[in-house]
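Chemist: Build the 3D model from these lines:
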Amino acid sequence: MDIEIFTDKEAESRIPLVVLNTIKNEGAKIFERCLELGCRNFTLAAISDLDWNHDLSPWETPDLRKNRYGFGGADKYLERLTGDILPGILSELPEQPEYTAIAGYSLAGLFALYAAYKTDIFSRIATISGSLWFPGFIEFAETHDFVKTPDLIYLSLGESEARTRDRALVSVRKNTERLADLYNSKGIPSLFELNPGNHFTETVGRTAKGIKRIIDTVSK
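Modeler: Residues are numbered from 1 along each chain as shown. Coordinates of the predicted model:
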């Protein structure tokens with residue numbers, strides 16, 4: 001597992017911390033793109049070299065080809081993240097963050113939402129092209145409350161992501177919009193955004209845009 005921390009060391013006040021589960025070598029690119037977009041000062045903790053399918057999915061799912069992808073380890077990874085990894089990150093910072101947010105793309109976006117149902121650490125959430133097609137997750141979200149109500153949730157999707165022959169993925173747009181409506185109905189400020197292209201289009205730019213939205217939006 002690799003952990004990289006990117007920040008403005010000369011920030012004059014406490015700044016937000018964004019935890020990003022991502023793929024190797026993308027943390028630097030995403031932080032640079034955030035700066036290009038004019039994001040406010042923040043710290044990015046990019047965690048990579050994960051067991052992607054296992055660490056970031058909430059449960060086993062026989063519906064997906066007899067679980068041959070090794071899903072189901074999010075609880076164990078979240079325990080490690082909150083109990084070991086995050087305290088280590090915080091110990092490297094000059095002072096405590098203004099707040100801690102979590103962001104992720106694809107399965108990491110699913111994990112970002114799931115984590116907020118299990119811990120009160122994350123105040124803001126960005127799920128970018130999140131795998132919200134995941135079997136059982138929409139039902140889980142509709143029957144559970146967040147441990148702590150988030151200040152803001154950002155959800156985005158590529159406009160053509162649901163146009164697929166894969167039966168497991170066709171529900172992704174419907175589910176994403178359904179969750180945005182659910183959270184807004186509960187008084188949780190939630191932003192839903194469609195982007196051009198499919199799941200693999202401009203992943204760095206989309207992630208940076210999602211991070212910008214959660215850290216630049218003023219909480220009510």
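
Chemist: Correct me if wrong: Y114 contacts L132.
Modeler: No. Taking contacts as C-beta atoms under 8 Å, Y114 lies outside contact range of L132: 10.3 Å. (Glycine included, C-beta is placed from N, CA and C.)

Chemist: Provide a list of residues in contact with L110.
Modeler: 56-58, 104, 127, 130-132, 134, 137 (C-beta atoms under 8 Å, 6 or more residues apart in numbering).

Chemist: mind running it again at 6 Å?
Modeler: Counting by C-beta atoms under 6 Å, 6 or more residues apart in numbering, L110 touches 130-131, 134.

Chemist: What sits closest to it if chain neighbours are left out?
Modeler: Leaving aside its sequence neighbours, L110 sits nearest to S131 (C-beta to C-beta, 6 or more residues apart in numbering; 4.3 Å).

Chemist: what do you get for T43?
Modeler: Leaving aside its chain neighbours, T43 sits nearest to T7 (3.9 Å; criterion: C-beta to C-beta, 6+ apart).

Chemist: and that neighbour, how many residues sit next to it?
Modeler: For T7, the neighbour count with other C-beta atoms under 10 Å is 18.

Chemist: these two touch, right, it and A45?
Modeler: No. Using C-beta atoms under 6 Å, T7 is not in contact with A45, being 8.9 Å away.

Chemist: Could you check how far the residue nearest to T43 is from F71?
Modeler: Separation of T7 from F71 (C-beta to C-beta, to the nearest Å): 33 Å.
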